[in-house]
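K.L.:
return atomic coordinates for the entry below.
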Amino acid sequence: MEGKNEQRAGLLYGIGAYVMWGLVPLFWPLLKPSGAIEILAHRMVWSLGVVTIALLAVRRWAWIGELVRDRRKLALISVAAATITVNWGLYIWAVNNGQVVEASLGYFINPLVTIAMGVLLLGERLRPVQWVAVATGLAAVLVLAIGYGRPPWISLVLAFSFATYGLVKKKVNMGGLESLAAETAVLFVPALGFLLWLAATGKSTFTAGGTGHGFLLAATGIVTAIPLICFGAAAVRVPLSTLGLLQYLAPIFQFGLGVVYFKESMPPERWAGFALVWLALSLLTWDALRTARRNRALAVKLLATAAAAPATATPTPEAAAILPGDAAILPSDAGPLGGTTTPALEAATTTGTEAPNPAQQKIT
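P.N.:
All right, here's what the predicted structure looks like:
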């Protein structure tokens, strides 16, 4: 009974995290007349403050000494900070400039971009259905480029920056709060310097916009941290496959807001492009579910065989290849919104690599 309650709580935490990330386009317009770069700088500064308080509450500080002594990990954190800066900044700009639908497309195609990067950069092999999904995604981009009269560059930059961020985060292998703290610490000095420069030149809106506006800018730290904390709570309570399905909630909500609330135009060619993207994601999810079920059944069979064998028997290579990765098959996008990378996107292209720990991942 307790296990069911834990899973139910985890499901609610996960839904809460992705819904909050999906509804965040409602928040950024409240910060006008602040520009995207000023909003981004405030987000970096205030996020560090909120995450520091969270780390104080859970008393997790040992990682700082390890990080400072590891130059390679520090360099990777700096790269992650740079790529999430691009992602956050462009997303805020897109929302505040009437491009919510195109921004949502970036997080829809992120799983496909991640898979493509796995093939091109890591030499991973795809299953036939995954090749079809990637090809369908490319066709969608071409259709949308024709419809827009230009490549959907906002979507592509968001997708590639977030996929790169996820790739780097996988190598860093730090917890969500710790990683966000490290990244915002790297960004804190330049962000604070920029805000002080704006204040010195009279261009800051922090105080010029009134007390309410200043509180809203400070709230960017809460908007970043709260969904991440909920995601972390979900990641330790529910299977990765569940998070992999929940991750589509964020771009679905963003797309709905763009069409219904912000009333952005959706000509037929744009609908056609999005339909192809959704078809590609459907294929990818179906293939992932099918593979997960097959791997799980084979794992059970191998465990039964091992149990019947002598206790000293060495596990077969097949068991070693299947057991670690069967829970992390589904693609997932944490999304746009708080710097959380996908808990299982990387595993969608693998056939037996170690499953990434979702508690060590983090969305914009």
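
K.L.:
what is the neighbour count of Val223?
P.N.:
Summarising burial for Val223: neighbours were counted as other C-beta atoms under 10 Å, giving 20. (C-beta placed from N, C-alpha, C; glycine too.)

K.L.:
the one 4 residues further on now?
P.N.:
Neighbours of Pro227 under the rule other C-beta under 10 Å: 30.

K.L.:
over to Phe162?
P.N.:
By other C-beta under 10 Å, 32 other residues sit near Phe162.

K.L.:
which pLDDT value belongs to Ile226?
P.N.:
You'll see Ile226 listed with a pLDDT of 89.

K.L.:
repeat that for Ala328.
P.N.:
pLDDT for Ala328: 32.

K.L.:
now swap in Thr350 and tell me
P.N.:
At Thr350, the model reports a pLDDT of 40.

K.L.:
find the nearest non-adjacent residue to Ser78, please.
P.N.:
Spatially, and ignoring its direct neighbours in sequence, Ser78 is nearest to Val186 (5.5 Å; C-beta to C-beta, 6 or more residues apart in numbering).

K.L.:
whoops, Thr83 was the one
P.N.:
In this structure, Thr83 finds its nearest non-sequential neighbour in Tyr165, 4.4 Å apart by C-beta to C-beta, 6+ apart.

K.L.:
next, the residue nearest to Ser78: phi, psi?
P.N.:
phi -60, psi -40 (degrees, to the nearest 10).

K.L.:
still on that earlier bit, neighbours around the residue nearest to Thr83, how many?
P.N.:
Tyr165 is flanked by 27 other residues according to other C-beta under 10 Å.

K.L.:
quick one: the helices in the stretch 1-150 of the chain?
P.N.:
Using DSSP state H, counting those that start in this stretch, the helices of the stretch 1-150 of the chain run over 2-23, 36-58, 62-69, 71-96, 100-108, 110-122, 128-148.

K.L.:
so how far is the shortest one off the chain centroid?
P.N.:
Using C-alpha atoms, centre = their mean, to the nearest Å, the mean C-alpha position of helix 62-69 is found 24 Å from that of the whole chain.

K.L.:
what do you get for stretch 117-135?
P.N.:
Worked out by C-alpha atoms, centre = their mean, stretch 117-135 lies 20 Å from the chain centre.

K.L.:
quick revisit: ok, the residue nearest to Ser78 to Trp278 distance?
P.N.:
36 Å (C-beta to C-beta, to the nearest Å).

K.L.:
neighbour-wise, which of these two wins?
P.N.:
Ranked by neighbour count (other C-beta under 10 Å), Val186 and Trp278 place Val186 first, with 20 against 16.

K.L.:
can you list the low-confidence ranges for the stretch 101-250 of the chain?
P.N.:
Counting by pLDDT under 70, the stretch 101-250 of the chain shows low-confidence ranges at 240-241.

K.L.:
list the contacts of Gly98.
P.N.:
Counting by C-beta atoms under 8 Å, 6 or more residues apart in numbering, Gly98 touches 262, 264.

K.L.:
and it, how close does it get to Trp61?
P.N.:
Applying C-beta to C-beta, the value for Gly98 to Trp61 is 43 Å.

K.L.:
sorry, back to before: reformat the helices of the stretch 1-150 of the chain as JSON lines; add mean neighbour count.
P.N.:
JSON lines is the format used below for these (neighbours: other C-beta atoms under 10 Å):
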{"stretch": "helix 2-23", "mean neighbour count": "18"}
{"stretch": "helix 36-58", "mean neighbour count": "20"}
{"stretch": "helix 62-69", "mean neighbour count": "12"}
{"stretch": "helix 71-96", "mean neighbour count": "21"}
{"stretch": "helix 100-108", "mean neighbour count": "26"}
{"stretch": "helix 110-122", "mean neighbour count": "21"}
{"stretch": "helix 128-148", "mean neighbour count": "18"}
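
K.L.:
closest one to Phe255 among those?
P.N.:
Closest to Phe255 of the helices of the stretch 1-150 of the chain, according to C-beta to C-beta: helix 100-108, at 4.2 Å.

K.L.:
that closest one vs helix 71-96, what angle?
P.N.:
Interaxial angle of helix 100-108 relative to helix 71-96 (axes from the mean of the first three to the mean of the last three C-alpha atoms, to 10 degrees): 150 degrees.

K.L.:
give me the angle between helix 100-108 and helix 128-148.
P.N.:
Orientation check (the same axes, to 10 degrees): helix 100-108 against helix 128-148 gives 160 degrees.

K.L.:
show me what helix 100-108 is in contact with.
P.N.:
Residues contacting helix 100-108 (C-beta under 8 Å, 6+ apart): 25, 91, 94-95, 144, 152, 154-159, 162, 248, 250-252, 254-255, 257-259, 262, 264, 266, 270, 273-274, 277-278, 281, 333, 335-336.

K.L.:
residues in contact with the residue nearest to Ser78?
P.N.:
Contacts of Val186 by C-beta under 8 Å, 6+ apart are 77-78, 81.

K.L.:
out of those, which comes closest to Arg290?
P.N.:
For the contacts of Val186, the closest approach to Arg290 (C-beta to C-beta) belongs to Ile77, at 36.7 Å.
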